[in-house]
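any chance you could fold what I've pasted below:
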Amino acid sequence: MPGPSLPPLVEPAEELTKEEVARYSRHLIIPDVGVTGQKRLKNAKVLVVGAGGLGSPALLYLAAAGVGTLGIVDFDDVDESNLHRQVIHGQSDLGRPKAESAKDSIAEINPYVQVNLHKVRLDSSNALDIFRDYDLILDGTDNFATRYLVNDAAVLLGKPYVWGSIFRFEGQASVFWAEHGPQYRDLYPEPPPPGMVPSCAEGGVLGVLCASIGSIMVNEAVKLIVGIGEPLVGRLMVYDALDMSYRTIKIRKDPAAEPITELIDYDVFCGVVSDDAQQAAARHTITPKELKARFDEGADFTLVDVREPHEFEIVRIPGSVLIPKDRILSGDALAELPQDRPVVLHCKSGVRSAEALAALHRAGFADAVHVGGGVLGWARDVDPSLPTY
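Okay, here's the model as predicted:
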């Protein structure tokens with residue numbers, strides 16, 4: 001049986017206008033929502049971190065539901081590779097700031113919503129000031145550093161936040177609220193090692209999965225605001241789109257966890273790139289144009305692409321050979337590398353190749369280098385006719 005609801009997060013607004021009654025009529029005739037619940041939604045202030053894959057459906061449905069004030073934190077621009085899943089943006093928005101594009105779409109969905117834009121990179125210097133004015137935080141970001149930042153800021157301010165994560169065909173969602181249950185650090189006490197968990201940009205994501213998880217996140221936000229149902233506090237919901245299965249896993253507070261007292265440097269905490277990779281790349285990085293110059297000079301070297309086979313099929317630098325990063329890190333591929341000429345590594349953007357470079361240096365390939373910017377940099381600076389992804 002479901003547990004008891006938490007108290008409503010938001011006090012009701014004074015009234016609904018005639019137009020709002022007509023707009024939200026299908027909510028109003030649900031006894032558990034009713035006029036009072038809709039007034040709570042009208043009075044609610046929800047901050048969405050990221051107007052991307054999860055933020056797109058979340059913002060659209062929060063707006064449609066009648067959440068009175070929506071904040072959007074996003075500093076990125078709309079790219080063509082976004083459009084298969086980030087449905088708040090369209091073809092005419094390419095190159096525009098995502099926050100502005102999202103605001104325009106929200107106005108089409110519901111002109112009664114106040115939208116606040118925070119076109120900044122969220123970090124330890126601004127998170128508390130941005131979060132302070134909102135009742136609830138919805139985190140749609142795709143990196144561990146920002147997730148820990150969002151968690152810690154929400155804990156310090158005593159605010160609930162709805163979290164979601166997507167990768168390929170699997171999604172997860174939960175509600176973290178330290179005053180009523182676990183926080184994100186109870187689920188992930190330590191970040192994974194750098195390079196261990198690929199991002200959606202590296203590993204891909206089924207576009208419609210964003211809608212599945214984003215709508216669950218909005219469902220949780222509505223339940224918290226109105227005070228109905230059993231929120232996902234203390235539970236992790238896991239969805240597998242291929243099996244079409246949902247399961248929930250209990251999360252418990254860690255009684256031995258250190259209290260959060262301040263915001264920290266989350267890039268350092270998560271080791272976005274490992275120390276070894278940073279040190280290896282510091283003195284052994286070449287640019288795409290420098291790689292082109294080596295080709296033009298007829299230099300004798302081996303260019304190794306450390307991405308995955310399906311990425312190699314999408315686009316490749318001519319003359320490269322494919323040896324995925326994991327085979328280099330495990331040592332399996334070392335015998336395939338030449339001992340008599342330099343090795344040049346590249347990946348999509350330079351992160352994975354830096355990790356592989358550190359492994360090669362440890363194995364004795366002292367003159368190995370990698371291409372900063374990877375194949376995306378090559379397409380940008382050397383051969384713009386190539387596709388990007």
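
so what's the residue count around the residue nearest to L128 when sequence neighbours are not counted?
Excluding its sequence neighbours, the residue lying closest to L128 (Cβ to Cβ, 6 or more residues apart in numbering) is A153, at 5.5 Å. For every residue, glycine as well, the C-beta is placed using N, CA and C. Neighbour count of A153, defined by other Cβ atoms under 10 Å: 24.

pick out the residue nearest the middle of the protein.
Centroid-nearest residue in the chain, with Cα atoms, centre = their mean: D142, separated by 1.5 Å.

so where does it fall, helix or strand?
Using DSSP states H and E, D142 maps to neither a helix nor a strand.

separation between it and G298?
Taking Cβ to Cβ, to the nearest Å as the measure, D142 falls 41 Å from G298.

still on that earlier bit, next one: phi and psi at the residue nearest to L128?
phi -70, psi -40 (degrees, to the nearest 10).

re the thing from before, what residues are up against the residue nearest to the centre of the chain?
Listed by Cβ atoms under 8 Å, 6 or more residues apart in numbering, the contact partners of D142 are G50, G52, G53, S165, I166, S199, C200, A201.

grab the nearest non-local neighbour of the first one.
Counting by Cβ to Cβ, 6+ apart, G50 lies nearest to G140, which is 4.1 Å off, once chain neighbours are set aside.

look at the one you found and report its pLDDT.
On pLDDT, G140 comes in at 91.

so it touches L47, yeah?
No: applying Cβ atoms under 8 Å as the test, G140 and L47 come out as separate, 10.8 Å apart.

assign W163 to helix, strand or coil.
strand (DSSP: H, G, I helix; E, B strand; the rest coil).

what bits of the stretch 201-350 of the chain have low per-residue confidence?
Within the stretch 201-350 of the chain, the stretches with pLDDT under 70 are 271-272.

now do the helices in it.
207-226, 266-270, 275-282, 288-297, 309-314, 325-329 (DSSP state H, counting those that start in this stretch).

counting contacts, what elements does the first one pack onto?
For helix 207-226, the helices and strands in contact under the criterion 3 or more Cβ pairs under 8 Å, 6 or more residues apart in numbering; DSSP states H and E are helix 34-43, helix 55-65, strand 136-139, strand 161-167, strand 170-176, strand 235-240.

mind putting these into TSV with distance to V306 and mean neighbour count?
Below are the helices and strands packed on helix 207-226 laid out as TSV (distance: least, Cβ to Cβ, whole Å; neighbours: other Cβ atoms under 10 Å):
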stretch	distance to V306	mean neighbour count
helix 34-43	48	20
helix 55-65	31	25
strand 136-139	31	26
strand 161-167	20	25
strand 170-176	24	24
strand 235-240	29	17
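
CSV please, covering those and showing distance to K98.
Formatted as CSV, those follow (distance: least, Cβ to Cβ, whole Å):
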stretch, distance to K98
helix 34-43, 24
helix 55-65, 8
strand 136-139, 15
strand 161-167, 17
strand 170-176, 21
strand 235-240, 25
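
hmm, back to that, what separates the residue nearest to L128 from P182, distance-wise?
16 Å.

still on that earlier bit, F131 is in contact with the residue nearest to L128, correct?
Yes: contact criterion Cβ under 8 Å: A153 and F131 qualify, at 5.1 Å.

count of neighbours near the closest residue to L386 other than its chain neighbours?
Closest residue to L386 apart from its sequence neighbours, by Cβ to Cβ, 6+ apart: A379 at 4.2 Å. Close neighbours of A379, defined as other Cβ under 10 Å, add up to 19.

contacts for the helix or strand where A379 lies?
Using DSSP H and E, A379 falls within helix 374-381. Identification of contacts with helix 374-381 by Cβ under 8 Å, 6+ apart yields 287-289, 291-292, 305, 307, 315-317, 346-350, 353, 371, 373, 386-388.
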